[in-house]
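Trainee: build me a structure from this.
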Amino acid sequence: MDKREQDILTQLEEKTKNIEVPDGLQPDAVDKMLTAHNRKDRRWRPARIAGLAAACLVLAAGVTAAVIWNSSGTSRIQTGQESASGGDKIASAKDYDQIYSYIENYNKQQKKKKRYMECWKAKK
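Mentor: Modelled structure (predicted):
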């Protein structure tokens, strides 16, 4: 340390010589306080359980609403030849051209939906 830092330290020591540490801040008291805090019973109170249950229900309802809202209108993809519906059956394609037409039609439907949503938002 240089001289300036040493001077500051000596001034601090001189000014703090007469200050007594309160009993609550003594090392023994701090240890007792920490052990008492760590020993506290961490029980699940009914209010906490009810709050967590309500939060879970709100989250589940939000996810359900989002899934329903996002899936409306996209469960059926129209193509030039056939339609692949999102029912019990799994659609299979005859060749890559049919797959390509499915993808093209899906992209067209998404663009229409996007334009509709942008128009709807602009009206608000």
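Trainee: and the longest helix seen in the chain, what's buried?
Mentor: Using DSSP state H to assign secondary structure, the helix with the most residues in the chain is helix 96-123. Using 16 or more other Cβ atoms under 10 Å as the test for burial, helix 96-123 gives 98, 101-102, 105. The C-beta positions use only the backbone N, C-alpha and C, and glycine is treated the same way.
Trainee: Glu5 and Gln11: what is the separation?
Mentor: 11 Å (Cβ to Cβ, to the nearest Å).
Trainee: ok, now Leu52?
Mentor: 54 Å.
Trainee: mind checking how far the longest helix of the chain is from the chain centre?
Mentor: 29 Å (Cα atoms, centre = their mean, to the nearest Å).
Trainee: what average pLDDT does the helix or strand harbouring Ile68 get?
Mentor: Here Ile68 sits within helix 46-71, counting by DSSP states H and E. Regarding helix 46-71, the rounded mean pLDDT is 90.
Trainee: mind listing what's buried in that helix?
Mentor: Across helix 46-71, burial judged by 16+ other Cβ under 10 Å covers no residue at all.
Trainee: residue contacts, Thr52?
Mentor: Not Thr; residue 52 is Leu. Leu52 makes no contacts at all, as judged by Cβ atoms under 8 Å, 6 or more residues apart in numbering.
Trainee: can we start the residue count at 266 from this point?
Mentor: Shifting the count to begin at 266 puts that one at Leu317.
Trainee: coming back round to it: tabulate the buried residues of helix 361-388 in TSV, adding columns for distance to Ala330 and pLDDT.
Mentor: Shown next, in TSV, are the buried residues of helix 361-388 (distance: Cβ to Cβ, whole Å; pLDDT from 0 to 100):
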residue	distance to Ala330	pLDDT
Gln363	34	87
Ser366	32	87
Tyr367	28	86
Asn370	27	90
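Trainee: nearest to Met298 among those?
Mentor: Tyr367 (68.4 Å; Cβ to Cβ).
Trainee: was I right about the closest one contacting Lys359?
Mentor: No. Applying Cβ atoms under 8 Å as the test, Tyr367 and Lys359 come out as separate, 11.3 Å apart.
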